[in-house]
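S.K.: Attaching a predicted model along with its sequence, questions to come.
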Amino acid sequence: MKITKVICSKGRTGFFFDDQRAIKKGAVSDGAAYVGKPVTDGFTSIRQAGEAISVMLVLEDGQIAYGDCAAVQYSGAGGRDPLFLAEDFIPVIEKEIAPMLIGQEADSFRRLAEMIDHPEKAGKKFHTAIRYGVTQAILDAVAKAKHEMMCDVIAEEYGTTVSDKEIPIFTQSGDNRYENSDKMIIKQADVLPHALINNVKTKLGEHGELLEEYVAWLRDRILKLRTRDDYLPVFHIDVYGTIGAAFGNDNYEAMADYLAKLEKIAKPFHLRIEGPMDVEDRELQMKALAELTRVVDERGINVELVADEWCNTLEDIKYFADNKAGHMVQIKTPDLGGINNIAEAVLYCKEKGIGAYQGGTCNETDRSAQVCVNIAMAVQPDQILAKPGMGVDEGYMIVYNEMQRILAVRKALK
């Protein structure tokens with residue numbers, strides 16, 4: 001079954017592009033916007049509409065496979081590719097990607113994905129968002145050509161088994177961390193709430209006191225609202241380096257003291273802290289996170305540290321996992337480029353005994369989320385992000401429903 005045509009359309013994502021550096025420098029929010037000038041190249045405002053490109057592959061029999069090119073909310077930060085704008089990159093797909101795919105047999109996901117994803121095969125390294133969306137479309141094309149589900153194609157090509165149970169879903173609140181947490185509790189989300197603690201003064205507290213108050217509130221809120229005693233979701237809070245900013249990026253004992261305090265406040269719930277520090281360099285970030293992980297483990301503090309910033313590509317993930325920089329690694333799916341790298345990253349983390357969090361960004365689309373669910377069901381990470389958006393309901397619905405469809409269809413067709 002050959003690919004006969006490549007079609008592109010511009011689209012919107014489920015959230016925004018945000019200039020992370022400007023926000024860290026103290027940009028003030030004004031409703032849904034931010035006041036001030038952007039500091040990251042490519043941004044025309046600190047917050048601007050998220051953009052996507054839908055890539056459609058037409059097969060010989062008229063079926064149309066598709067995937068969505070999208071980039072993370074904080075594009076251009078933490079070593080990532082620059083801002084992804086549809087009008088800039090549709091011509092790249094039409095002029096450079098389409099000729100590579102037209103006439104190809106849709107018979108092997110890995111072969112076609114690696115052709116697009118690997119610079120030595122593609123002739124150049126395309127923007128991560130392009131590789132992300134085009135490989136989604138390739139997976140869908142191969143699945144359609146074989147009359148299989150996308151998860152089955154991944155399982156066959158990577159030698160795995162599709163899960164017969166749900167993968168824990170992690171929901172994110174955005175700045176609306178109180179009302180959105182209620183939604184998560186009512187829906188009995190497995191992991192929550194992300195919380196977006198990205199400012200020391202207004203969200204963490206100069207001594208960490210604001211986050212302490214929030215964790216205590218969240219603990220009490222779950223105990224009040226839950227409808228069954230065995231509902232014990234994991235607390236996963238992304239602090240965007242603010243703990244290091246408040247206590248010192250290399251003051252590991254002080255950071256560990258604070259983590260120990262948060263652990264006690266969170267009980268009876270297990271706590272994960274993502275991105276405790278951000279030292280603005282890949283090598284230094286790995287070393288800092290590895291050292292804090294060592295200190296936390298030596299002191300018996302029952303808090304998992306999650307690697308995020310400067311751990312973007314498949315190579316980065318392997319590097320952090322090899323050096324035990326964190327107890328869990330976020331596999332931020334758009335940052336990896338081709339979705340073939342998502343499968344490889346999850347499997348590598350599992351092999352190394354480090355937690356695999358198949359994440360992504362609020363700034364994706366419904367389609368990229370659905371494809372990611374299929375990958376997760378095939379390679380079975382420890383948790384998967386509910387995406388896109390920050391409203392909880394929409395992202396959770398998309399991920400949960402796709403997961404349930406996979407489970408129901410596979411059970412019915414056994």
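M.R.: Yep, it's here.

S.K.: all strands of the stretch 251-400 of the chain, in order?
M.R.: Using DSSP state E, counting those that start in this stretch, the strands found in the stretch 251-400 of the chain span residues 271-274, 303-307, 328-331, 355-358, 383-385.

S.K.: nearest spatial neighbour of residue 294, skipping sequence neighbours?
M.R.: Leaving aside its sequence neighbours, residue 294 sits nearest to residue 324 (C-beta to C-beta, 6 or more residues apart in numbering; 7.6 Å). For every residue, glycine as well, the C-beta is placed using N, CA and C.

S.K.: and that neighbour, what pLDDT?
M.R.: We have a pLDDT of 98 for residue 324.

S.K.: Ok, residue 78 next?
M.R.: Residue 78 is given a pLDDT of 64.

S.K.: Against residue 122, how distant is the residue positioned nearest the centre of the chain?
M.R.: In the chain, the residue lying closest to the centroid (C-alpha atoms, centre = their mean) is residue 360, at 1.7 Å. To residue 122, residue 360 is 23 Å away according to C-beta to C-beta, to the nearest Å.

S.K.: try residue 84
M.R.: 18 Å.

S.K.: and if you look at residue 184?
M.R.: For residue 184, the distance to residue 122 (C-beta to C-beta) stands at 40 Å.

S.K.: Looking at these two, which one has more neighbours?
M.R.: Between residue 184 and residue 122, residue 184 has the larger neighbour count (other C-beta atoms under 10 Å), namely 28 against 16.

S.K.: That one reaches residue 390, doesn't it?
M.R.: No - between residue 184 and residue 390 there is no contact, the gap being 12.0 Å when judged by C-beta atoms under 8 Å.

S.K.: which residues are in contact with both of these two?
M.R.: Residues touching both residue 184 and residue 390 (C-beta atoms under 8 Å, 6 or more residues apart in numbering) are residue 173.

S.K.: care to break the chain down by domain?
M.R.: The chain breaks down into these domains under automatic domain parsing: 3-158, 169-412.

S.K.: Where among those is average confidence lowest?
M.R.: domain 3-158 (a mean of 93).

S.K.: So what would you say the end-to-end distance of it is?
M.R.: This stretch, domain 3-158, spans 23 Å end to end (C-alpha to C-alpha, to the nearest Å).

S.K.: what's the span of stretch 361-370, first residue to last?
M.R.: Taking C-alpha to C-alpha as the criterion, the two ends of stretch 361-370 lie 13 Å apart.

S.K.: which residues touch it?
M.R.: In contact with stretch 361-370 (C-beta under 8 Å, 6+ apart) are residues 11-17, 50, 52, 54, 66-68, 70-73, 132-133, 136, 172, 174, 332-334, 360, 387-390, 395, 398-399, 402.

S.K.: buried subset of the residues you listed?
M.R.: Applying 16 or more other C-beta atoms under 10 Å to the contacts of stretch 361-370, the neighbour count classes 11, 13-17, 50, 52, 54, 66-68, 70-73, 132-133, 136, 172, 174, 332-334, 360, 387-390, 395, 398-399, 402 as buried.
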